[in-house]
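K.L.:
make a model of this:
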Amino acid sequence: MILRNGPKIMRKILIALLFFSCVEGNELMLKEIKDIGSDSIRVTFKLDKVSYLNSYALNNPSRIVIEVNQSELKNIIDEPYNYPIKKVRASSDGDISKIVVDLYESVYWKKPWQVQTNNGVLLNLEIKKDRNIKKNIRDIIVAIDAGHGGKDPGAVGKNNILEKDITLLIARELERTLRDTKGYKPVMIRNDDSFVDLNDRYQDARKVGADIFVSIHADAFRLAAVKGASVFIWSEEASSITAKNLSKKELRNNPSVKSKIGKLDVDDFDEDAARTLYQLVYEAKIKNSKILGDKVLEQLKRDPFTKIHKKQVEYADFRVLKSIDIPSILVESGFISNPDDAKRLKGKAGRRMIARSVFLGIHNYFKEKPKPNTFMESMPDHVIYEIQKGDVLSEIAIRFGVTVETISNDNNLRNKPIYPGQFLKLYI
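P.N.:
Numbering: from 1, shown residues only. Down below sits the predicted model:
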């Protein structure tokens, strides 16, 4: 029998075998347990390379568990500590090392993150005492990727409008909303006009333990009449001519992408090889990316100022979306080659509307796919927003898609002044 896709299957098998050979020697060790002030404790482990992690918390008994895939534990970890930690221990189950942090009571914890150093990879976990919580809880981590940057300007519109500038401004709007909304933690892949390689973007999302990944872009086309926003998820096969052309443009603008695959640093995580090893995980990620994309696109369609270029979520071979387990989308906010789109995206109001659509889409995604151990697990009907210096109710209302009257009634303001540090309930 002749296999129609024989070469492709053999390639995947070879990649998988290569991945298995690369992970040998990925040893897990306990480095230190340290008080870092403000009732917080950091537990640090050492690994040979960035790894695929699963982490979760249990409440009865209270503990935090980290599963480090494709790793080995040569020395037993069984380290008692001071309140609120009872003990830090680890055991092996095949090629998975399971870390367990036993606790006296519930804590606020930060999802584990990984840091590459000159001497291996540090795996960090932070916990904080909090007598006001009854269950172990953490923030939802959203990786925000402002497209292009530095020497890569991206698309260029009339009057020298640069895509890299527009994407960073939209990303900062989204970051602010997430940052000041209790239970969310945004992480910017780039926070200034710096160049970040495409491979580093999704790998950075893995290192910070992102729950989802959102890449913000704009576009340009030779015909100025082409306009509107689109949402993409990853696929080897493009879903339209537009998606295919954008995929080709990404490769033209980033010629190092193809050559770098297979030449990763020894302590990097190989997403391509892992796709074959963790096929079910990857398939779930694609399904969840589609749900996330649909939720964001639904909000973009409701924005009266944003036209839609593609009415359905598109598929394209965007390298930046290829994480095996992190739901990932790319939002094309409009065409800066179009006068209407350019005017909208140059103005703060237009960028805020894009950021609002993305935020509401993210929040609606977690309503459908709630993350355990986060505030969304209990399916709240509202979010808590902390007022910042310079905030006014009208801008808060625009940012969250509600009315000033609703905010006032729900929070019993009755024309009272608002102040920084005050918390508002927003029903969205």
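
K.L.:
CA only for contacts and neighbour counts going forward, please
P.N.:
Will do.

K.L.:
what segments of the stretch 101-250 of the chain are strands?
P.N.:
Here the stretch 101-250 of the chain has its strands, by DSSP state E, counting those that start in this stretch, at 107-117, 120-129, 140-146, 184-188, 212-219, 230-234.

K.L.:
and the angle for the third one with strand 107-117?
P.N.:
Orientation note: strand 140-146 sits at an angle of 40 degrees relative to strand 107-117 (axes from the mean of the first three to the mean of the last three C-alpha atoms, to 10 degrees).

K.L.:
the strands in the stretch 251-400 of the chain, which residues?
P.N.:
314-316, 328-335, 383-386.

K.L.:
before we move on, the earlier item: can I get the strands of the stretch 101-250 of the chain in a markdown table including distance to L393?
P.N.:
Formatted as a markdown table, the strands of the stretch 101-250 of the chain follow (distance: least, C-alpha to C-alpha, whole Å):
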| stretch | distance to L393 |
| --- | --- |
| strand 107-117 | 30 |
| strand 120-129 | 32 |
| strand 140-146 | 25 |
| strand 184-188 | 21 |
| strand 212-219 | 27 |
| strand 230-234 | 30 |
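
K.L.:
out of the ones you listed, which is closest to G334?
P.N.:
Minimum separation from G334 across those (C-alpha to C-alpha) falls at strand 212-219, 5.2 Å.

K.L.:
and that closest one, what does it pack onto?
P.N.:
strand 140-146, helix 163-179, strand 328-335 (3 or more C-alpha pairs under 8 Å, 6 or more residues apart in numbering; DSSP states H and E).

K.L.:
with respect to V231, which of the ones you listed lies nearest?
P.N.:
With distances scored as C-alpha to C-alpha, the stretch of these nearest to V231 is strand 328-335 (4.6 Å).

K.L.:
residues touching D303, list them.
P.N.:
By C-alpha atoms under 8 Å, 6 or more residues apart in numbering, the contact set of D303 is 353, 357.

K.L.:
report pLDDT for E236.
P.N.:
Model confidence at E236, expressed as pLDDT, equals 80.

K.L.:
per-residue pLDDT, the nearest residue to it once chain neighbours are set aside?
P.N.:
The shortest distance from E236 to any residue other than its chain neighbours is 5.2 Å, reached at D317 (C-alpha to C-alpha, 6 or more residues apart in numbering). Here the pLDDT value assigned to D317 is 92.

K.L.:
number of nearby residues for H382?
P.N.:
Burial of H382 is recorded as 12 neighbouring residues (other C-alpha atoms under 10 Å).

K.L.:
what's the closest non-adjacent residue to it?
P.N.:
Distance criterion C-alpha to C-alpha, 6+ apart; nearest residue to H382, sequence neighbours excluded, is Y427 at 4.2 Å.

K.L.:
any idea how far G401 is from the one you found?
P.N.:
Remark: distance between Y427 and G401 (C-alpha to C-alpha, to the nearest Å) = 10 Å.

K.L.:
more neighbours, the two?
P.N.:
Neighbours were counted for Y427 and for G401 using other C-alpha under 10 Å; G401 has more, 18 against 15.

K.L.:
my guess is that one contacts V358. True?
P.N.:
No: taking C-alpha atoms under 8 Å as the contact criterion, G401 and V358 are not neighbours in contact, 11.6 Å apart.
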